[in-house]
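Chemist: sequence and predicted model, in that order:
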Amino acid sequence: EITVERFRSMFKELDLNLDPAQQERMFVYCDLDVNGSVSRLEFEEGWVYIMDEITQNTIAQMGLGDGAIAFAVTSLFIFLAGLTIFLVLGLMMLSNESNFAAVLSSMLISGAGGV
């Protein structure tokens, strides 16, 4: 039988940074017969839930939550769209023979080179 104190100490021994509310929630989930302790069978049945909680907590600590991933994908899309526009404009200016296009082309090349 695993008591609440032993349950919490397991996470501390494993160096898992779970807040007490999460630990309590996991313990209550595993304690199927609500006797204040978790048997080996109850622990085994709750193992998937415990691992899901630990995984979600680790992902959040690493900054890899859904919001961070959506931000990264959106930023990448905007960057690639800007790069595509930049390349298309550059190719259009190189193929155009007017003076205005030559000035814009020079500005584009200077801006890209940081000159």
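Modeler: Looks like it came in fine.
Chemist: going forward, measure contacts between C-alpha atoms and count neighbours the same way
Modeler: Noted.
Chemist: list the buried ones in the worst-scoring helix or strand of the chain on mean pLDDT?
Modeler: Of all the helices and strands that make up the chain, the one with the lowest confidence by mean pLDDT, DSSP states H and E is helix 99-113; it has a mean of 74. Of the residues in helix 99-113, those with enough neighbours to count as buried (16 or more other C-alpha atoms under 10 Å) are Ala101, Ser105, Leu108.
Chemist: what's the answer for stretch 17-27, then?
Modeler: Neighbour-count burial for stretch 17-27 [16+ other C-alpha under 10 Å]: Leu18, Gln23, Met26, Phe27.
Chemist: so what touches it?
Modeler: Stretch 17-27 is touched from outside by Val4, Phe7, Arg8, Phe11, Val38, Tyr49, Ile50, Glu53, Ile54, Asn57, with contacts defined as C-alpha atoms under 8 Å, 6 or more residues apart in numbering.
Chemist: which among those residues count as buried?
Modeler: Neighbour counting with 16+ other C-alpha under 10 Å marks Val4, Phe7, Arg8, Val38, Ile50, Glu53, Ile54, Asn57 as buried within the contacts of stretch 17-27.
Chemist: tell me which helix or strand the most centrally placed residue in the chain sits in.
Modeler: Nearest residue to the geometric centre of the chain (C-alpha atoms, centre = their mean): Leu64, 1.4 Å. With elements delineated by DSSP states H and E, Leu64 resides in a region that no helix or strand encompasses.
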